[in-house]
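Participant: Here is a sequence with its predicted model. Questions after.
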Amino acid sequence: MLLFRSEEHLGRWLVKPGRQRGETLSLDQQWKLAQRWFAGRHLPGWQKRDAAQAEEVFRSVGLTSDFWRLVS
Amino acid sequence: MSTSRDVRVEIYRSFIEDGRAPTGADIARRLDVSTANVIAAFHRLHKDDVIALAPGTDLIWLAHPFCALDAPFRVRSGSDRWDGICIWDALGILGLLQRDGTVATACPDCGDGLTVEVRDGQLVGSEDLIAHYGVPAARWYEDVGHT
């Protein structure tokens, strides 16, 4: 999960062999995902999400394509 | 036998309060259990993808979102600093701690420095910046370093 200055910079970086475009997130999406994903991970009551719960977090920030699918 | 939960909480306490990864012996002393028990918990947590041990060792490399080693995403909040291996983890440190701060890294294309700021819980500026995910979610833990 790399951070690029802009879509233009990502496009240039992807030109080199062996690099494939995946999916991009706005930084606002990325911030929301980071907050929701790691909330409480350091606390005693935290429990690892199952695949369906993880997909729900993705959906909550607008990530709905097959790229984010964990449940087969 | 120390539970994985107790060891996990102690790992995160060390990253947050001490700014570093604990060793098995560190946690054994704090929990008053044997180092072997703590190391066994490390490996259970590694198997469950909660932490990542450095290959072939009993040393913590990652306790997401924290990284034990210098990494490309440097997080600062007040006088504290941590490292993250990706933008998700770096922002995750500020999110987990519910603290304001900055993330500094470099654009992989041009090499110029990029800084993201969280102030009063909100991103400041950064409108054009984008995060790129090259590996589909289902394959993230095949090679967490590459992902």
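Facilitator: That came in fine, so what should we check first? Residues are numbered from 1 along each chain as shown, chains lettered A, B, ... in the order given.

Participant: tally of neighbours for the nearest residue to residue B:126 once chain neighbours are set aside?
Facilitator: Closest residue to residue B:126 apart from its sequence neighbours, by C-beta to C-beta, 6 or more residues apart in numbering or on different chains: residue A:27 at 4.6 Å. (C-beta placed from N, C-alpha, C; glycine too.) For residue A:27, the neighbour count with other C-beta atoms under 10 Å in any protein chain shown is 20.

Participant: Where does the prediction get shaky in chain B?
Facilitator: For chain B, the stretches with pLDDT under 70 are B:1-2, B:141-147.

Participant: which residues of it fall in helices?
Facilitator: Along chain B, the stretches classed as helices by DSSP state H are B:4-13, B:24-31, B:35-47, B:87-97.

Participant: contact partners of stretch A:35-53?
Facilitator: The contact list for stretch A:35-53 (C-beta atoms under 8 Å, 6 or more residues apart in numbering or on different chains) reads A:57, A:60-61, A:70-71, B:5, B:8-9, B:12-13, B:16, B:48-50, B:64-65, B:88, B:91-93, B:95-96.

Participant: Would you indicate which residues of that stretch are buried?
Facilitator: Across stretch A:35-53, burial judged by 16 or more other C-beta atoms under 10 Å in any protein chain shown covers A:35, A:37, A:38, A:41, A:42, A:46.

Participant: Let's verify the last one: helix, strand, or coil?
Facilitator: Following DSSP: H, G, I helix; E, B strand; the rest coil, we place residue A:46 in the coil state.

Participant: Mind naming the longest helix for chain A?
Facilitator: Chain A, longest helix under DSSP H: helix A:27-38.

Participant: quick one: that one to helix B:87-97, angle?
Facilitator: 60 degrees (axes from the mean of the first three to the mean of the last three C-alpha atoms, to 10 degrees).

Participant: which ones are touching residue B:68?
Facilitator: By C-beta under 8 Å, 6+ apart, residue B:68 lies in contact with B:20, B:21, B:59, B:60, B:61, B:62, B:83.

Participant: The same query, at a cut-off of 6 Å, please.
Facilitator: When contacts are counted by C-beta atoms under 6 Å, 6 or more residues apart in numbering or on different chains, residue B:68 is found next to B:21, B:60, B:61.

Participant: For it, which non-adjacent residue is closest in space?
Facilitator: In space, residue B:68 is closest to residue B:21, 3.6 Å off (C-beta to C-beta, 6+ apart).

Participant: what residues go with each domain of chain B?
Facilitator: Using automatic domain parsing, the domain parsing of chain B gives B:4-63, B:73-137.

Participant: Let me have these in a markdown table, extended by distance to residue A:23.
Facilitator: Formatted as a markdown table, these follow (distance: least, C-beta to C-beta, whole Å):
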| stretch | distance to residue A:23 |
| --- | --- |
| domain B:4-63 | 21 |
| domain B:73-137 | 5 |
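
Participant: Of the ones you listed, which is nearest residue A:18?
Facilitator: domain B:73-137 (10.4 Å; C-beta to C-beta).

Participant: ends of the closest one, how far apart?
Facilitator: One end of domain B:73-137 sits 21 Å from the other (C-alpha to C-alpha, to the nearest Å).
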